[in-house]
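Enquirer: A structural model of the following input is requested.
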Amino acid sequence: MRYAPLLLLLLCACVGQAQQPEWRDSGRSLLPSQHYDVVSYALDLTVDPSTQRIDGAVTMTAVRTDLSPVLTLDLAPDFDVASVSVDGSAASFEHAADGRLNVALGDGVSVGDTMRVRVAYGGEPHVAVRAPWDGGFVWAQTEDGEPWIATAVQGEGCDLWWPCLDHPVGEPDSVAIHITVPGDLVVATNGMLRGVDDLGDGRKRYRWHSASPINTYNVALNIAPYVQRDTTFASIAGVDVPVSLYILPERADRADYLLDEMLTHLAWYERTLGPYPWRAEKYAVAHTPHLGMEHQTITAYGSDFSTERDG
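Expert: Have a look, this model is predicted:
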């Protein structure tokens, strides 16, 4: 019976997995109503640290490839869906308890047509229990009590916080990520920063855009009163790659040697694996309140950066 404790742990783990709702799993079997080709997503969301809510809209551009009269997206049942439109016209919809958002297409969209499906929604996203392994939103605070927020959904998928096709075939060619936050916070996410809008009410909107195909679980928010440090990396492909570090103010004194380490890592990977793929966008690391996660162009890293470089 010396193996009894181990067997008990394995049994508990299996029971825990069986009890997890199916919608929490990424990559469920596709329905006929999910046979469409995603072109792009546009996220326009407000993140409110005081209420731990997100509100806004996501627009998916896709090509219809199936005769199903319904289009299905994935979205966690934690959220309330206010409205759905297809090509600007209101559409009837059902947001089921299994996390499926079923949208009636009507007669205006034919097979082969490009359609724009906009979902307005809001609510309190699932809070990560132990990110990144049990994913969701991480609502933390800096040493000064400022909001420190991150997302990590490698196992659960994009539908944990935004409506999407939560399946590998749902990878878009591009994604726009517009995030509104209190004005003292900085939003670091995928792709390139196209601008920051001062909304005049104490909030700012950060407008990011990734022009590269991206798996939807890789879309990640990192929000804090970040200090940003920038440099460039001379790629073996013959171009300079923008490199950025987003670090909390209380660790900013370590930024210079951390940037040096990032360049060293990039050089090793390029020698070993070839040119960095997203040279036209950036390589960045964001200081996060969880241990870390690889996200396209914005790696999450949860170290306290307390190790000083020798010499």
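
Enquirer: What residues are bridge-paired with Gly123?
Expert: Ile54, Phe79 (DSSP bridges).

Enquirer: I figured it hits Asp80, correct?
Expert: Yes. Contact criterion Cβ atoms under 8 Å: Gly123 and Asp80 qualify, at 5.4 Å. Glycine gets a C-beta too; all of them are placed from N, C-alpha and C.

Enquirer: more crowded one of the two?
Expert: Gly123 (16 against 11; other Cβ atoms under 10 Å).

Enquirer: got the contact list for that one?
Expert: 53-55, 78-80 (Cβ atoms under 8 Å, 6 or more residues apart in numbering).

Enquirer: what about it, distance to Gly155?
Expert: 21 Å (Cβ to Cβ, to the nearest Å).

Enquirer: And Ile223, by the same measure?
Expert: In this view, Ile223 and Gly155 are 22 Å apart by Cβ to Cβ.

Enquirer: thinking again about what came up before, nearest to Ala284, of the contacts of Gly123?
Expert: Closest approach to Ala284 among the contacts of Gly123 (Cβ to Cβ): Ile54, at 22.1 Å.

Enquirer: thinking the closest one is in contact with Pro125, fair?
Expert: Yes. The pair Ile54 / Pro125 is scored as a contact, 5.9 Å apart, by Cβ under 8 Å.

Enquirer: which residues do those two both contact?
Expert: In contact with both Ile54 and Pro125: 137, 161, using Cβ under 8 Å, 6+ apart.

Enquirer: So between Ile223 and Gly155, which is more surrounded?
Expert: Ile223 (25 against 15).

Enquirer: what's across from the more buried one in the sheet?
Expert: Under DSSP bridges, the beta-bridge partners of Ile223 are Ile149, Val187.

Enquirer: show me the residues around it that make contact.
Expert: 47, 49, 147-150, 179, 181, 185-188.

Enquirer: do Phe305 as well
Expert: By Cβ under 8 Å, 6+ apart, the contact list for Phe305 reads 247, 251, 254, 258, 287.

Enquirer: Filter the residues you listed down to the ones in strands?
Expert: Counting by DSSP state E, the contacts of Phe305 place 247, 287 in strands.
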